[in-house]
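Trainee: just coords:
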């Protein structure tokens, strides 16, 4: 729950408006000196007219109190903000020099008079040069201009008054007409208001970080920064844990330090083992020790005086992945998790989605572990997935080490239909909600938007621009706040309504209330039936029949010339999302099946599979599948895709090679993950079959050699897709049933 007082002063401080250091130095210093000179000039100028025996006395007891309070108020307001300080300071200096000149002229001190005029000219000039060229601040520069106007309009006239004229003016001021009670209240307010701002700024200024090297059970120490909640001064609070491979002072700090401190939470940010300031050596493997390191870190936090026993974890992408692994250990104190764009199955979704994720794995590992990226890759192919200890440390589906059955944290799971961890987000939600402890079951929420990796603000995704309602920030913030408020603060949330929000995608060029909007449901997956759309001999796509003719579609797959990847659930951020595939669909190694222009809408929500009957002259090869929406202008916009290395058609731990006999037909199923899409009338549904989609998936050399080994050795594959009534090659769509019972208005 956002503490709006903390938020106000926290953000104003971050924007440089309210800053206690600036209030004390230079604001107080500058205003104090300049206002002191003003008081000196005022007293010297009018003091020469005043005497204790005269009826025209400058400072009566009453006037002394009033004058003193006025100066305190002016100085306090000047401390708050540099432009205010600049206005007060330069106005005060101009008044001081005017009093000085008047005194010097009265006593015929020509040198002092000349000095006064010179000082009056140089003072604003120096200020303008300072704020225009040296310490650039256009607001302060404007304040100097306003101070000059105020002096010319008001100060110049006041500084020429005699003592009797001044006292006469004082006797007629409006303040004298107010009741004495109102005067006191007004003066008290004018003192308390700026004083409160200064005090609150001092209290809620973001505090300095406290750095530790936290020792893990094996002696490795992880670099950890602690930021107390503003105004807490280290008293016990709920704690948010962020563990990152990108540097604890990098973007993770910049992002999360803007969000969690204003909710009165302490923030802990830690470098993952082997990254940045943490120890781990050159032989560490990313994530494989997170299930232990996260638990050890949580126990360390629980033993600190500033933790009240309630901890939540948060993070996106790699920051999310490691959360799953220690969340799967069910550690004490972990009450909630923010799980954005990640997966609880590192191998299944991040490394090997039926085929090896070359672009995602190698792009990410090379940038994240620049000193030992080759070791990381070598170990993946040497041990994964056959080494149970390493594999199960990054999987929640195997009952060894981290597992769904241990999960006890509430969670919010956020992903995108074009994210390379898309299926991981969905599977993570289902695993946490269905297979966890009783505390976690029913206390999960899922949000799926039309987004690429982390792009929750919507708008342009790939080559398409989704409407403004694709911005999911408010929805995510509201749901996460509800979950964290209950888990960490004990404020009950409403779990009886929608726990799933998903964006129904469709044509972005035509507005309709049937697509491109948010739907809300009680749970996921939604009730559906599978519907086969068959590939036909004439290149058609038919939901009722595979036709009456069998046909073999044969093509040459040469791994030296793979089909280039265009978008999709790809990691490189400039090459992901919905992109037009038409430029690569006319290749001889790409087979197209499509419907005629639709006369009725087709809606699919859920998981998609390709069922292919295939043959090859090689003992191993890949088959790929793409689902696209063909717009009326013939753009073929990618929705989702999949790939399968055929030797892994049963599972990737027991490889079964093909015979190499091109007459031997194999049934394979390609997992195309999930989507929520509405094919509008006038559009066409298209399926593209090939054997490569590079570099999203590695180019299979067709030799049966281990993955990512020697690509200099290769075979040219003669691959065949068989369609027709004897083979029933098809795309399998999920079609919703009982929509009224699964969805809820919101």
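Mentor: Noted; the coordinates are in hand. Since the model is a prediction, treat every value here as computed from it, not as a measurement. Residues are numbered from 1 along each chain as shown.

Trainee: going forward, measure contacts and count neighbours with C-alpha atoms only.
Mentor: Fine.

Trainee: For the stretch 201-350 of the chain, which segments count as strands?
Mentor: Ranges of strands within the stretch 201-350 of the chain are 210-215, 221-227, 237-244, 266-271, 307-316, 334-340, based on DSSP state E, counting those that start in this stretch.

Trainee: right, and the ones you listed - which one's nearest residue 66?
Mentor: strand 221-227 (43.8 Å; C-alpha to C-alpha).

Trainee: Can you check what angle separates that closest one from strand 266-271?
Mentor: Orientation check (axes from the mean of the first three to the mean of the last three C-alpha atoms, to 10 degrees): strand 221-227 against strand 266-271 gives 150 degrees.

Trainee: which other helices and strands contact strand 221-227?
Mentor: Judged by 3 or more C-alpha pairs under 8 Å, 6 or more residues apart in numbering; DSSP states H and E, the packing partners of strand 221-227 are strand 210-215, strand 266-271.

Trainee: Please dump the strands of the stretch 201-350 of the chain into JSON lines; it should also carry mean pLDDT and mean neighbour count for every row.
Mentor: Converted to JSON lines, the strands of the stretch 201-350 of the chain look like this (pLDDT from 0 to 100; neighbours: other C-alpha atoms under 10 Å):
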{"stretch": "strand 210-215", "mean pLDDT": "97", "mean neighbour count": "15"}
{"stretch": "strand 221-227", "mean pLDDT": "97", "mean neighbour count": "21"}
{"stretch": "strand 237-244", "mean pLDDT": "97", "mean neighbour count": "26"}
{"stretch": "strand 266-271", "mean pLDDT": "97", "mean neighbour count": "26"}
{"stretch": "strand 307-316", "mean pLDDT": "98", "mean neighbour count": "22"}
{"stretch": "strand 334-340", "mean pLDDT": "98", "mean neighbour count": "26"}
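
Trainee: Export those strands as a markdown table, with columns for distance to residue 21.
Mentor: As requested, those are exported to a markdown table (distance: least, C-alpha to C-alpha, whole Å):
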| stretch | distance to residue 21 |
| --- | --- |
| strand 210-215 | 19 |
| strand 221-227 | 19 |
| strand 237-244 | 26 |
| strand 266-271 | 22 |
| strand 307-316 | 28 |
| strand 334-340 | 34 |
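
Trainee: Let me know which of the helices and strands packed on strand 221-227 is the nearest to residue 179.
Mentor: Checking the helices and strands packed on strand 221-227 against residue 179 by C-alpha to C-alpha gives strand 266-271 as the closest, at 48.4 Å.

Trainee: Touching the closest one from outside, list them.
Mentor: 222-229, 237-248, 253, 257, 260-261, 277-278, 307 (C-alpha atoms under 8 Å, 6 or more residues apart in numbering).

Trainee: would you turn the helices and strands packed on strand 221-227 into a markdown table with distance to residue 120?
Mentor: Shown next, in a markdown table, are the helices and strands packed on strand 221-227 (distance: least, C-alpha to C-alpha, whole Å):
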| stretch | distance to residue 120 |
| --- | --- |
| strand 210-215 | 48 |
| strand 266-271 | 51 |
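
Trainee: In stretch 226-237, which residues are buried?
Mentor: 226-232, 234, 236-237 (16 or more other C-alpha atoms under 10 Å).

Trainee: Run through who's touching it.
Mentor: Stretch 226-237 is contacted from outside by 6, 10, 203-211, 261-262, 264-269, 305-308, 310, using C-alpha under 8 Å, 6+ apart.

Trainee: same thing but 7 Å
Mentor: In this structure, residues lying in contact with stretch 226-237 by C-alpha atoms under 7 Å, 6 or more residues apart in numbering are 6, 203-211, 261, 264-269, 305-308.

Trainee: Looking at stretch 182-201 now, give me its mean pLDDT.
Mentor: In this model, stretch 182-201 has a mean pLDDT of 85.

Trainee: Then stretch 320-328?
Mentor: Mean predicted lDDT for stretch 320-328 stands at 98.

Trainee: Report the residue spans of this structure with pLDDT below the cut-off.
Mentor: 7, 15, 48-57, 206-207, 384-389, 707-711, 746 (pLDDT under 70).

Trainee: all strands of the stretch 601-746 of the chain, in order?
Mentor: Counting by DSSP E, counting those that start in this stretch, the strands of the stretch 601-746 of the chain are 602-616, 622-630, 636-645, 666-679, 684-690, 717-723, 730-736.

Trainee: Now mean neighbour count too, for these, in a markdown table please.
Mentor: Output for these, formatted as a markdown table (neighbours: other C-alpha atoms under 10 Å):
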| stretch | mean neighbour count |
| --- | --- |
| strand 602-616 | 22 |
| strand 622-630 | 25 |
| strand 636-645 | 25 |
| strand 666-679 | 21 |
| strand 684-690 | 23 |
| strand 717-723 | 23 |
| strand 730-736 | 22 |
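
Trainee: out of the ones you listed, which comes closest to residue 583?
Mentor: Nearest of those (C-alpha to C-alpha): strand 636-645, 9.0 Å.

Trainee: tilt between that closest one and strand 622-630?
Mentor: 160 degrees.

Trainee: Packing partners of strand 636-645?
Mentor: When contacts are defined as 3 or more C-alpha pairs under 7 Å, 6 or more residues apart in numbering; DSSP states H and E, strand 636-645 packs onto strand 622-630, strand 666-679.

Trainee: Export the strands of the stretch 601-746 of the chain as a markdown table, with columns for distance to residue 153.
Mentor: Shown next, in a markdown table, are those (distance: least, C-alpha to C-alpha, whole Å):
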| stretch | distance to residue 153 |
| --- | --- |
| strand 602-616 | 71 |
| strand 622-630 | 70 |
| strand 636-645 | 67 |
| strand 666-679 | 67 |
| strand 684-690 | 74 |
| strand 717-723 | 89 |
| strand 730-736 | 75 |
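
Trainee: how about the ones you listed, which one is nearest residue 696?
Mentor: In terms of C-alpha to C-alpha, the element of the strands of the stretch 601-746 of the chain nearest to residue 696 is strand 636-645, at 9.8 Å.

Trainee: Residue 188: which of the helices and strands packed on strand 221-227 is closest?
Mentor: Closest to residue 188 of the helices and strands packed on strand 221-227, according to C-alpha to C-alpha: strand 266-271, at 35.4 Å.

Trainee: how far is that closest one from where the chain is centred?
Mentor: Counting by C-alpha atoms, centre = their mean, to the nearest Å, strand 266-271 is centred 16 Å from the centre of its parent chain.
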